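Asks: got a sequence here, can you model it:
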Amino acid sequence: MIARPLARFAPLAAAVLLAALSLACSGSEGRRIDVAAGDRPDGSMYFEPKTITVQPGEKVTFYVRNDGSGDHEFESDEAAIEEVVIPKGRLRKVAWTAPKSGDYPIYCDITGHRQAGMELTVRVQPAQ
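Replies: Got it, this is the predicted structure:
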């Protein structure tokens, strides 16, 4: 008999749970930033865009798509981004919170790739 009175609250409980889950999931990745990684027929390599601007403390998720002919990496010792390998034809998500103001390189650390142009700059600066 006790279960019957509580049953009328089941739709309300479900709605509250759904709202809480939606709130917890929304914005957890921060702003989405798409990055293309690849190589060109002339032997040069790239990350596009070349420069990204974010605010100190901003949460972002880089969506790195490898359009190249082999594996690439996405990392930065300076910005505390651990090495992520992006296999040919694949996409990897990299969540990151921007540090203090400054310019931070992100690069592919596979031998010769950074030297071939596979580097971008993240500019961390307050909103203007």
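Asks: run a quick neighbour tally on residue 57.
Replies: Neighbour count for residue 57, taken as other C-beta atoms under 10 Å: 11. Bear in mind the C-beta positions are built from the backbone N, C-alpha and C, glycine included.
Asks: surely it meets residue 98?
Replies: Yes. Using C-beta atoms under 8 Å, residue 57 makes contact with residue 98 at a distance of 6.2 Å.
Asks: mind listing the helices for this protein?
Replies: 3-7, 10-25 (DSSP state H).
Asks: by mean pLDDT, show me the worst of these.
Replies: Among the helices of the chain, helix 10-25 carries the lowest mean pLDDT, a mean of 44.
Asks: low-confidence regions, this protein specifically.
Replies: Low-confidence segments of the chain (pLDDT under 70): 1-27.
Asks: and the strands in it?
Replies: 31-39, 45-48, 51-54, 59-66, 72-76, 81-86, 91-97, 102-107, 119-124 (DSSP state E).
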